[in-house]
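Colleague: Below are the sequence and a predicted model for it; my questions follow.
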Amino acid sequence: MSYVDGFITPVATAARERFAEHARVAAAIVREHGARRVVDTWGEDVPAGERNDIAGAVRLGADETPSFGWIEFTDRAARDTFGEAIVTDERLAALGLPPFDVSRMILGGFEVIVDTGRGAAPGFVDGFILPVRMTHRADYVALAEAASPVFLDHGAIRHVEAWGDDLPAGETVDFRRAALADEDETVVLSWVEWPDRATRDRATPLVMADERMANLPTPLPFDGKRMIYGGFAMLNEK
């Protein structure tokens, strides 16, 4: 089963180009250590939530923009080997301080449970974080597998769902806090890749109106009120 490390990072809005360059150089190094793909994005359509949201997840400042990103591996073993190697790579240290507050970046490891669609490099990504009871994994997979064709039929080029597997606790922020997860829940990281924002914007109401969405398995195996999400433009893909 493939594996991903997921990230949400608060970046000074004025440092977008510096962040993109830092991400590009770092991604090339990461690929050398076994990653299959590295993606960094820039928040464009990130709504506020009633209880929790992307901004609150990283304590976003008024002059900051969130980045949603991930690193893909063949499996967890490859990811763990990568983790051991990357900490001693002096080239990362040579990049200097990253253009973001590391203490407010949330990160974790996720086992991919649904991965549908392949195609051209995306131009826009919808990212989601939500809490799911650990006992409801099979129900969640069934739901995601039923929803995937709807996204793809309306123009998405890929849909991925990943089950929280290695979610370290942070001092102030982390994935579990982001999703307000209970002790008996894990966190799912999900994203939908689109060719561009225009396609995504056209597709969103069509997806919601598609009769197949009304016929998804019920009850939903997660609390939608604690799901957080946003739309992100591509910055870097290696």
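Modeller: Arrived safely.
Colleague: host element of residue 132?
Modeller: strand 124-133 (DSSP states H and E).
Colleague: For the chain, just list every one of the helices.
Modeller: 16-32, 54-57, 76-86, 90-94, 137-153, 175-178, 197-209, 211-214 (DSSP state H).
Colleague: coming back round to it: I'd like the distance from the strand holding residue 132 to the chain centre, please.
Modeller: 7 Å (Cα atoms, centre = their mean, to the nearest Å).
Colleague: which helices and strands sit right next to that strand?
Modeller: strand 37-45, helix 54-57, strand 185-194, helix 197-209, strand 228-237 (3 or more Cβ pairs under 8 Å, 6 or more residues apart in numbering; DSSP states H and E). Any C-beta I mention is one placed from the backbone N, CA and C, and that applies to glycine too.
Colleague: which of those is buried the deepest?
Modeller: Comparing the helices and strands packed on strand 124-133 on average neighbours per residue, with mean count of other Cβ atoms under 10 Å, the densest one is strand 185-194 at a mean of 24.
Colleague: tell me the angle that strand makes with strand 228-237.
Modeller: 50 degrees (axes from the mean of the first three to the mean of the last three Cα atoms, to 10 degrees).
Colleague: now the angle between helix 137-153 and strand 185-194, please.
Modeller: 10 degrees.
Colleague: List the strands paired with strand 185-194, with their directions.
Modeller: strand 124-133 (antiparallel), strand 158-166 (antiparallel) (DSSP bridges).
Colleague: Mean neighbour count added to the ones you listed, as a markdown table?
Modeller: Below are those laid out as a markdown table (neighbours: other Cβ atoms under 10 Å):
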| stretch | mean neighbour count |
| --- | --- |
| strand 124-133 | 22 |
| strand 158-166 | 21 |
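Colleague: Nearest to residue 217, out of these?
Modeller: strand 124-133 (13.5 Å; Cβ to Cβ).
Colleague: Lowest-scoring secondary structure element of this structure by mean pLDDT?
Modeller: helix 90-94 (a mean of 88; mean pLDDT, DSSP states H and E).
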